[in-house]
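1. The sequence and its predicted three-dimensional model are supplied below.
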Amino acid sequence: MRIGILQCGQAPAELKQDLGDYPDLFVRLLDGRGFDFTTWHVEAMEFPASVHDADGWLLTGSRHGAYEDHDFIRPLERFICDAYEAAVPMVGICFGHQIIAQALGGTVVKHPGGWSVGTQDYDFDGETVRLNAWHQDQVVVLPQDAQVAGRNAFCENAALIYGDRAYTVQAHPEFNDDFIQGLMDKRGRGLVPQDLLDRASDRMGEPKGSAAIADRIEAFFKQPRAISRGAA
């Protein structure tokens with residue numbers, strides 16, 4: 001199954017050489033699950049010619065806000081709407097979670113409660129899943145078709161499911177603790193309150209449920225679907 005990665009941002013340059021860029025992290029997360037990957041760097045205005053250029057789409061994180069005025073935001077929203085209408089499945093992580101919701105009629109804001117950084121516990125339909133987080137923005141109004149699939153006290157809309165068309169997660173199953181530590185060192189100091197960084201440091205090393213989310217992503221992409229309406 002061919003998955004198109006829509007790269008919406010870039011890892012800090014200081015982390016890329018040793019830990020990889022965002023697409024690399026997803027290839028590692030989903031390794032051995034029968035997927036082939038092609039990346040389009042949409043942040044740099046590199047878009048697929050058609051929503052049918054892949055069997056499914058994966059939208060990465062980004063340091064940008066979905067509500068900000070960047071050149072790639074509107075074309076990406078149009079692509080999301082077209083893929084959704086054509087029933088080509090999409091998975092979105094962090095910024096990807098937010099931009100899919102915004103494109104489909106939801107609302108994303110800079111959360112007044114501030115940042116979520118490092119190890120967090122989420123309720124996924126009664127199952128506690130521990131994941132790394134790195135975000136200040138949140139989806140606060142759901143699109144019409146979205147249902148909550150994961151939450152915690154700080155982030156009520158931490159995972160959303162849109163039937164068989166989209167599955168999105170606010171946290172970062174692709175980020176291990178080394179990557180979070182790198183973000184804390186290269187982007188967090190002076191931006192994220194020190195008490196949150198200290199709390200994140202205290203929880204470093206706790207086992208994460210990234211494989212559980214990878215299982216959900218695999219099952220979502222591979223579930224049987226009717227032929228896409230836009231397919232030839």
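-> All right, it came through fine. Numbers count the residues shown, from 1 in each chain.
2. from the chain's centre, how far out does the one helix or strand Arg28 maps to sit?
-> Element membership of Arg28, judged by DSSP states H and E, is helix 22-29. Relative to the centre of its chain, helix 22-29 is centred 12 Å away, using C-alpha atoms, centre = their mean, to the nearest Å.
3. cool, and stretch 119-127?
-> Taking mean C-alpha positions (C-alpha atoms, centre = their mean), stretch 119-127 and its chain are 16 Å apart.
4. now what about it, what contacts it?
-> 128-133, 149-152, 154-155, 158-159, 171, 200, 203-204, 206, 208, 212, 216 (C-beta atoms under 8 Å, 6 or more residues apart in numbering). To be clear about C-beta, it is placed using only N, CA and C from the backbone, and glycine gets the same treatment.
5. Would you mark the buried spots in it?
-> Thr119, Gln120, Tyr122, Asp123, Phe124 (16 or more other C-beta atoms under 10 Å).
6. Show the secondary-structure elements that the lowest-mean-pLDDT helix or strand in the chain is packed against.
-> Sorting the helices and strands of the chain by mean pLDDT, DSSP states H and E puts helix 13-19 at the bottom, at a mean of 91. On a contact count with 3 or more C-beta pairs under 8 Å, 6 or more residues apart in numbering; DSSP states H and E, helix 13-19 meets helix 177-183.
7. what comes into contact with the helix it packs on?
-> 11-12, 14-15, 19, 25, 117-118, 132, 134, 175, 200, 204-205, 208.
8. list the buried ones in the helix or strand just after that helix?
-> The helix or strand immediately downstream of helix 177-183 is helix 194-202, counting by DSSP H and E. Neighbour-count burial for helix 194-202 flags Leu196, Leu197, Ala200 (criterion: 16+ other C-beta under 10 Å).
9. quick revisit: just the buried residues of stretch 119-127: which are in strands?
-> Thr119, Gln120, Tyr122, Asp123, Phe124 (DSSP state E).
10. Pipe the residues you listed into CSV and attach pLDDT and distance to Phe79 per row.
-> Formatted as CSV, those follow (pLDDT from 0 to 100; distance: C-beta to C-beta, whole Å):
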residue, pLDDT, distance to Phe79
Thr119, 98, 33
Gln120, 98, 30
Tyr122, 98, 28
Asp123, 98, 31
Phe124, 98, 28
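11. before we move on, the earlier item: return a PyMOL selection command for the buried portion of the contacts of helix 177-183.
-> In PyMOL, a selection of the buried entries from the contacts of helix 177-183 looks like this (16+ other C-beta under 10 Å):
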select buried, resi 11+15+19+25+117+118+132+134+175+200+208
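12. burial measure for the residue lying closest to Leu25 once chain neighbours are set aside, as a count.
-> Counting by C-beta to C-beta, 6 or more residues apart in numbering, Leu25 lies nearest to Glu174, which is 3.9 Å off, once chain neighbours are set aside. Neighbourhood size, Glu174 [other C-beta atoms under 10 Å]: 27.
13. And Val88, by the same measure?
-> 24.
14. ok, now Val42?
-> 23.
15. Pretty sure Leu160 sits against Arg151.
-> No - contact criterion C-beta atoms under 8 Å: Leu160 and Arg151 do not qualify, at 10.0 Å.
16. thinking again about what came up before, tell me who's in contact with the residue nearest to Leu25.
-> Tyr22, Leu25, Phe26, Arg28, Leu29, Ile93, Ser210.
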